[in-house]
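**Q** Got a predicted structure plus its sequence, pasted below:
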Amino acid sequence: MKSNVILILTGITLAAASLSAAARDSETGKHLFILSGQSNMREPLIGTFARTVKKALGEDKVILASFGQPSASIMGWYRKWTHPDGVKNPEYIGQLYDKLMTTVQKSIKGQKIESVTFVWMQGEADAQAGWGSFYEESFRGVLDQLKTDLGIPEINFVIGRINDFWLPERGIVDGDKVRAIQVKMAESISHGAWVNTDDLNTGVNPWGTYEMDGGHFPNPGYRVLGKRFAREACKLVQPEAKQDEALFAEVFPDDAHKVKTNVALEKPISGTQPDAASPGRKSGLAALVDGKLGTADHLDPAWLAFPPTEKNIGFVIDLGTPIDVSSVVINLLVNHEASAHFPQQIGVSVSADGSDYQHLLRGRSNVVSFDKHARQQNLSKDFKPRPSLIYMEGNALATRYVKVDIAPDAASNAWLFLDEIMINPVAK
């Protein structure tokens, strides 16, 4: 076994075993996964990825190092990045790469490495800036930096293609170009792969905003993305191995029909009463916890209709006994013919005793709002009628009473159509 080699990086001393030598010791070597990128390289993606690859490859066979930076161009990772017109920021170029390698250094210290896989979720900033023409050169350069600094002849990589929010029709001038380049590189460079993200970007993002085909993902979308990254990474690490596909099973609650059961079923509910002419008026508020789902037709008797109002619409569900509640889901209808549209905001609070309530959502916002793009879409006459699942997730809290508070869209004279409120839904 070769002795350790000291590698000097820009402002960093990386003490690591020669990985090419360590790779020859497959019995004790570990698989290093380096995760990096912009704000979409975040939790719960990273945690889901880590848990999945450890289950697939073995807890003691995996090392994980991660570092992300919101709104960052690839210039932060590529030391030789230069704008063709000479425009550059020398203080910033390569700085994020150095921070990433500091994390890698700590992770691999004293470890023998069998393989290295780079997992990359980035490109939005370069697409927006119109820098797609030199994206491929930059990414290849980052791979070369990793090979040189880690002393390895080859590196696996998995790219998450930037999602379909980042397109020219939204002013992202090089969106199509960057997306195409990411796929091309993954399919033309050995040891590469890419994953699709276009079907994961509708829902409540980590900042409490509901997006339709948005630039970020809801938490369930990040978890699915972590599974997709893990599947492709494991294939690259062990191409001959037969993986347990159950480890990579995807659960993305974007349709109420995917829910098998939830703890709110047939529980007592009180609150704002629906319009007297509501399709589901005979069932009353019990229709919101009966498990019966409506179609895209606003006359379907599963829907309860609430007329335009400036007052908030609210409900309280009594679960009977305190349990841990971590998610609340509302299924509502968007149908232009019925003037059924998104509300302004949705808030959820929980209580163990019915008097002391606290917000389920924590962080930047305690309520769910609807971004401008989503509102423009759902108010359009051309928007196809459909039920929309609003999935709200927070830390598990001991709860008997769940209070839902909805601020309607009074300015648009909008009706609110609801067919179900679900708590801790379990997917089929």
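**A** Sure thing, it's come through. This is a predicted model, so every value here is computed, not measured.

**Q** In contact with Val289, which residues are there?
**A** By Cβ atoms under 8 Å, 6 or more residues apart in numbering, the contact set of Val289 is Ala264, Leu265, Glu266, Lys267, Ile269, Ile317, Glu420, Ile421. Glycine gets a C-beta too; all of them are placed from N, C-alpha and C.

**Q** tell me the SS of the third one?
**A** The local conformation at Glu266, judged by DSSP: H, G, I helix; E, B strand; the rest coil, is coil.

**Q** If I follow the layout properly, it ends up in contact with Asp290?
**A** Yes. Between Glu266 and Asp290 there is a contact under Cβ atoms under 8 Å: 6.7 Å.

**Q** and Ile323, backbone torsions?
**A** Dihedral pair for Ile323: phi -140, psi 170, per degrees, to the nearest 10.

**Q** Run a quick neighbour tally on it.
**A** Neighbour count for Ile323, taken as other Cβ atoms under 10 Å: 15.

**Q** looking at it, it is touching Thr399, isn't it?
**A** Yes. Contact criterion Cβ under 8 Å: Ile323 and Thr399 qualify, at 6.4 Å.

**Q** rewinding a little: of the contacts of Val289, which qualify as buried by neighbour count?
**A** Burial by neighbour count, judged by 16 or more other Cβ atoms under 10 Å, picks out Ala264, Lys267, Ile269, Ile317, Glu420, Ile421 from those.

**Q** Show me which pair in those residues is furthest apart.
**A** Lys267 and Glu420 (12.3 Å; Cβ to Cβ).

**Q** before we move on, the earlier item: which one of the buried ones among the contacts of Val289 is nearest to Pro239?
**A** Nearest to Pro239 among the buried ones among the contacts of Val289, with distances taken as Cβ to Cβ, is Glu420, at 44.3 Å.

**Q** secondary structure class for that closest one?
**A** Quick answer, by three-state DSSP: Glu420 is strand.

**Q** what helix or strand is the closest residue in space to it that isn't next to it in sequence on?
**A** Take Glu420 and drop its neighbours on the chain: the residue closest to it by Cβ to Cβ, 6 or more residues apart in numbering is Asn331, 4.5 Å away. In this structure, Asn331 is located in strand 313-334 according to DSSP states H and E.

**Q** ok, Gly354 - contacts?
**A** Contacts of Gly354 (Cβ under 8 Å, 6+ apart): Asp318, Arg400, Tyr401.

**Q** Could you look up the SS state of it?
**A** Gly354 - assigned by three-state DSSP - is coil.

**Q** Tell me how far it lies from Asn424.
**A** 19 Å (Cβ to Cβ, to the nearest Å).

**Q** where exactly do the helices run in the stretch 301-428 of the chain?
**A** Secondary structure of the stretch 301-428 of the chain (DSSP state H, counting those that start in this stretch): helices at 372-379.

**Q** so where's it uncertain?
**A** Judged against pLDDT under 70, the stretch 301-428 of the chain has no low-scoring part.

**Q** Just give me the longest helix of this protein.
**A** When the chain is parsed with DSSP state H, its longest helix is helix 219-237.

**Q** With distance to Gln128 added, can I get the contacts of Val289 in JSON lines?
**A** Listed next are the contacts of Val289 as JSON lines, based on distance: Cβ to Cβ, whole Å:
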{"residue": "Ala264", "distance to Gln128": "41"}
{"residue": "Leu265", "distance to Gln128": "45"}
{"residue": "Glu266", "distance to Gln128": "48"}
{"residue": "Lys267", "distance to Gln128": "46"}
{"residue": "Ile269", "distance to Gln128": "45"}
{"residue": "Ile317", "distance to Gln128": "42"}
{"residue": "Glu420", "distance to Gln128": "38"}
{"residue": "Ile421", "distance to Gln128": "38"}
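
**Q** Just name the closest of these to Asp198, please.
**A** Glu420 (26.9 Å).

**Q** looking at the contacts of Gly354, which has the most residues close by?
**A** Tyr401 (20 neighbours).

**Q** Surely that one touches Val350?
**A** Yes. Here Tyr401 lies in contact with Val350, judged by Cβ under 8 Å, at a distance of 6.9 Å.

**Q** Any chance you could list residues touching both of those two?
**A** Tyr357.

**Q** what's around Ser171, how many residues?
**A** Actually, residue 171 is Gly. It isn't Ser. 9.

**Q** I'd like the numbering to begin with 2 instead of 1 from here.
**A** Sure, I'll start counting at 2 from here, so that last one is Gly172.

**Q** Would you enumerate the residues in contact with it?
**A** Per Cβ under 8 Å, 6+ apart, neighbours of Gly172: none.

**Q** hmm, try it at 10 Å
**A** Gly172 sits next to Gln129 when contact means Cβ atoms under 10 Å, 6 or more residues apart in numbering.

**Q** what do you get for Phe135?
**A** By Cβ under 10 Å, 6+ apart, the neighbours of Phe135 are Ile75, Met76, Tyr79, Trp82, Thr83, His84, Pro85, Asp127, Gly142, Ile182.

**Q** Most widely separated two among those?
**A** Largest pairwise distance in the contacts of Phe135, by Cβ to Cβ, is 17.9 Å, between Thr83 and Ile182.

**Q** Among these two, which residue is more densely surrounded?
**A** Using other Cβ under 10 Å as the criterion, Thr83 and Ile182 rank with Ile182 on top: 23 against 15.

**Q** now that one, what's its secondary structure?
**A** helix.

**Q** you'd agree it is up against Ile75?
**A** No. Look at Ile182 against Ile75 with Cβ atoms under 10 Å: they stay out of range, at 11.0 Å.

**Q** Could you name every residue contacting both of those two?
**A** With Cβ under 10 Å, 6+ apart as the test, Ile182 and Ile75 both reach Gly124, Asp127, Phe135, Tyr136, Glu138, Phe140.

**Q** Strands of the stretch 52-201 of the chain, residue ranges please.
**A** Listed in chain order, the strands of the stretch 52-201 of the chain (DSSP state E, counting those that start in this stretch) span 63-69, 114-122, 157-161, 193-196.
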